[in-house]
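Asker: sequence and computational prediction follow.
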Protein chains: 2
Amino acid sequence: MTVSGKQLLLEAALRLTANNRNLKSLGIRELAREAGLNPNTFYRHFSDIDDLGLAAIDQLAARLRQPLRHLRREAACRAEEASHADGPELFGVSLGRGRKVCHQTVVLFFDFVADNPQAIMLGVRELQGPSAVLRKALHLMISGLATDMAEDIIELELLPKRVDPQAIEQVARLITRNLLQMSLDYINQPEQRDSIRALAEEQVVMLFTGAMVLHEAGQLKLPV
Amino acid sequence: MTVSGKQLLLEAALRLTANNRNLKSLGIRELAREAGLNPNTFYRHFSDIDDLGLAAIDQLAARLRQPLRHLRREAACRAEEASHADGPELFGVSLGRGRKVCHQTVVLFFDFVADNPQAIMLGVRELQGPSAVLRKALHLMISGLATDMAEDIIELELLPKRVDPQAIEQVARLITRNLLQMSLDYINQPEQRDSIRALAEEQVVMLFTGAMVLHEAGQLKLPV
């Protein structure tokens, strides 16, 4: 299969922005040259640089969302089949089962980060970048990932049914942001990868455990 | 009092990097011009750009650390004097007292962010920037803030005495990183400030509550 001009341009943009540049700073000639294409080709695929950025974000989201959902379901089933004697229960849910799902999801996420460092760096950088269009698209991507996580948690009963779904989604959004941020450390500090991943996993477990306990005590105060 | 040449150069660097640039990209002539000084003046105060970056980080740390410590002590005392009927206890510590200290500390932190946006942006950007010297200095600053937070929590007995001090410090470091990161949203989304601050506060409460509950269940697994 030959790589399409569109894909060549997307990959050229990832390479050019890998060194701390925002997409906005790229020229269309520069992009085409890096992709080995004629500058006119650009406009066959994209209307402008933001349009290319949106395609890059769509691709990132598509590559992340489905595999994460699929894995969470699989991991929950496998944990179900495994020994039920894996750790204590808290408010009727098994800590061990939640942790197993969390562990495998976090591993999958950071494997993706290691395989796609430039796409992740572009996403995290543009979250605070100059383009409002791209910032909005990234917030939507994060919300989408968070909605998936919340839905899976509720469906797989990883938290007590009493916990407010909206609260679960808010915590999931916070976690998604934090994981994206930690992925920069993961990329830039290869010698620390194991401990960054372990800390990320524990962060997820601490946040959901804390949210659950505070909710049960009537003390969870998330902004509406 | 006249502002020193050193301070003029530091402030010029903050202005020039405010628009998404790394310190490394600044020229010494450019800096001097922005500061309204002769280029030679630069070398009277700094050996190179990294040296200026270190001074900026030192100044940021100095302005943050002492006020945060002072306020935590004050807030804990005030919460002590107030009604003891403020919410439930968890493992022998008052949730309400911890939350009050957390609330006031988070407010102080974000007020500092609102007053010093350029210094904060420089710090967060250089955490992933090209200079290893500055990255290291920033990690030290974060560790310092985390050590302060952990010491205060232990001294003020905001968590049960049984919880491992090293675990408290690790959670404190995670929180410090997350707060710095959220401060970019706080700067860039002025219309969202109340909810960003409320979410930041709840994040701190959730993380420490989760850490405490997991610790008590023998299930806290932070990387060593």
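Answerer: Looks like it came in fine. Keep in mind that what you see is a predicted model, and the values were worked out from it rather than measured.
Asker: near chain B at all, stretch A:66-84?
Answerer: No. Contact between stretch A:66-84 and chain B is absent, the nearest approach being 15.0 Å (criterion: C-beta under 8 Å from any C-beta of the partner chain). Placement of C-beta: from N, CA and C, glycine included.
Asker: how about residues contacting that stretch?
Answerer: The set of residues external to stretch A:66-84 that reach it, using C-beta atoms under 8 Å, 6 or more residues apart in numbering or on different chains, is A:86, A:94, A:96-97, A:100-101, A:103-105, A:108-109, A:112, A:145, A:148-149, A:152, A:156, A:158.
Asker: go again with 10 Å.
Answerer: If you take C-beta atoms under 10 Å, 6 or more residues apart in numbering or on different chains as the criterion, stretch A:66-84 is touched by A:86, A:94, A:96-105, A:107-109, A:111-112, A:145, A:148-149, A:151-153, A:155-158.
Asker: where does A:D48 fall, phi/psi-wise?
Answerer: According to degrees, to the nearest 10, the main-chain angles of A:D48 amount to phi -160, psi -170.
Asker: whoops, A:L122 was the one
Answerer: Backbone dihedrals for A:L122, given as degrees, to the nearest 10, come out at phi -60, psi -50.
Asker: and the pLDDT for it?
Answerer: Reported pLDDT at A:L122 in the predicted model: 95.
Asker: tell me who's in contact with it.
Answerer: Going by C-beta under 10 Å, 6+ apart, A:L122 touches A:13-14, A:16-18, A:21-23, A:53, A:56-57, A:60, A:116, A:129, A:134, A:138.
Asker: which among these count as buried?
Answerer: A:13-14, A:16-17, A:22-23, A:53, A:56-57, A:60, A:116, A:129, A:134, A:138 (16 or more other C-beta atoms under 10 Å in any protein chain shown).
Asker: what comes up buried for the helix ranked longest in chain A?
Answerer: Longest helix in chain A, counting residues (DSSP state H): helix A:49-81. Within helix A:49-81, the residues that qualify as buried are A:49-50, A:52-57, A:60-61, A:64, A:68-69, A:71-72, A:75-76, A:79, counting by 16+ other C-beta under 10 Å.
Asker: what do you get for stretch A:192-208?
Answerer: A:196-208.
Asker: among these, name the ones that also lie close to chain B.
Answerer: Among those, the residues lying close to chain B (C-beta under 10 Å from any C-beta of the partner chain) are A:196-208.
Asker: among those, name the ones in helices.
Answerer: Those of those lying in helices (DSSP H): A:196-208.
Asker: dump those residues into a markdown table; add distance to B:L37 as well.
Answerer: Below are these laid out as a markdown table (distance: C-beta to C-beta, whole Å):
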| residue | distance to B:L37 |
| --- | --- |
| A:I196 | 42 |
| A:R197 | 47 |
| A:A198 | 48 |
| A:L199 | 44 |
| A:A200 | 45 |
| A:E201 | 50 |
| A:E202 | 49 |
| A:Q203 | 45 |
| A:V204 | 49 |
| A:V205 | 52 |
| A:M206 | 49 |
| A:L207 | 48 |
| A:F208 | 53 |
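Asker: now pLDDT too, for the residues you listed, in TSV please.
Answerer: TSV is the format used below for those (pLDDT from 0 to 100):
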residue	pLDDT
A:I196	97
A:R197	97
A:A198	97
A:L199	97
A:A200	97
A:E201	97
A:E202	97
A:Q203	98
A:V204	97
A:V205	96
A:M206	97
A:L207	97
A:F208	96
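Asker: with that, I have no additional questions.
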